[in-house]
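Peer 1: predicted model and sequence follow; I will ask about them next.
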Amino acid sequence: MIHPTAIIEAGAQLAADVKVGPYAVIGAEVKIAAGTSVGAHAVIEGDTTIGENNEIFQFAAIGAKPQDLKYHGEKTRLIIGERNKIREFVTLHPGTEDGGGETVIGNDNLFMAYTHVAHDCHIGNHVIMANNATLAGHVLVDDYAILGGMTAVHQFTRVGCHVMASGGSMIAQDIVPYAIAQGDRAKTVGINQIGLKRRGFSSETIAEIKKAYRLFFSRKGSRQEALEQIAAEVADIAEVRHFCEFIRTSERGIAQ
């Protein structure tokens with residue numbers, strides 16, 4: 001299953017059915033689980049762990065030293081879950097000592113061509129990053145978020161679950177869950193209603209999310225007063241609680 005021109009360094013751990021294409025290079029500390037394929041000319045290095053059934057396309061660069069001037073060779077790692085599709089020229093970097101030492105990628109994500117995940121990012125499950133979308137260091141992207149082509153996310157920023165960021169968005173503050181974001185600097189412009197319907201959210205749940213969204217973004221008072229109003233006037237359901245907790249714990253501020 002390994003092409004004769006591929007280079008597998010001594011110490012690398014590959015499951016028996018891993019496929020490795022022509023001229024691919026796999027470093028000594030890499031671990032790749034069953035069912036994963038590595039395309040031609042891909043390079044995987046560093047302390048990188050890759051789960052089952054991932055599809056890594058040609059020319060991907062995974063696990064190279066982070067592009068952080070504070071990094072001086074400390075022992076850090078990159079962890080990739082299962083069933084991810086990593087397309088051509090994608091770059092995924094490990095963590096840094098200052099950021100906890102890990103970049104973590106969940107399951108069932110799609111990284112289209114030329115996307116970049118920097119050091120210390122944490123990406124959930126079912127995330128889509130369209131072509132040339134870029135994450136700076138320490139970014140958190142929650143489940144089912146979609147980042148359109150050419151979108152860039154500032155370091156230490158969070159993107160909530162089920163967010164749809166339009167192509168070319170420049171995200172410099174946290175995007176609340178369930179929202180649509182667009183622009184430079186990105187603002188929230190409504191609820192991702194179509195996406196929520198496609199993922200099985202009931203009309204009643206979507207209505208309560210909308211109500212919470214409107215109360216927060218039309219507020220006259222403080223953030224805390226808006227959250228108190230939501231607690232008093234919106235149904236106490238998990239989605240609304242998550243929406244409020246995301247706002248409550250925001251450090252960079254919420255994109256308005």
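Peer 2: Done, it's in. No experiment lies behind these values; they were computed from the predicted model shown.
Peer 1: and stretch 215-230, how far out from the chain's middle?
Peer 2: 28 Å (C-alpha atoms, centre = their mean, to the nearest Å).
Peer 1: what's the span of it from first residue to last?
Peer 2: This stretch, stretch 215-230, spans 7 Å end to end (C-alpha to C-alpha, to the nearest Å).
Peer 1: quick one, helices of the chain?
Peer 2: Along the chain, counting by DSSP state H, helices occupy 193-198, 203-217, 223-233, 238-248.
Peer 1: show me what the shortest one is packed up against.
Peer 2: I take that to be helix 193-198. Under the contact criterion of 3 or more C-beta pairs under 8 Å, 6 or more residues apart in numbering; DSSP states H and E, helix 193-198 touches helix 203-217. C-beta coordinates here come from the backbone N, C-alpha and C atoms, glycine included.
Peer 1: quick one: contacts of the helix it packs on?
Peer 2: 176, 178-179, 188, 190-191, 193, 196-197, 201, 226-227, 229-230, 233-235, 237, 239-240, 243-244, 247, 256 (C-beta atoms under 8 Å, 6 or more residues apart in numbering).
Peer 1: re earlier: could you dump the helices of the chain into JSON lines with distance to Asp47 added?
Peer 2: Shown next, in JSON lines, are those (distance: least, C-beta to C-beta, whole Å):
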{"stretch": "helix 193-198", "distance to Asp47": "35"}
{"stretch": "helix 203-217", "distance to Asp47": "40"}
{"stretch": "helix 223-233", "distance to Asp47": "40"}
{"stretch": "helix 238-248", "distance to Asp47": "31"}
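Peer 1: so which of the ones you listed comes closest to Asp143?
Peer 2: helix 238-248 (10.8 Å; C-beta to C-beta).
Peer 1: hang on, the earlier thing: Ala136: which of the helices of the chain is closest?
Peer 2: That would be helix 238-248 among those, by C-beta to C-beta, at 19.6 Å.
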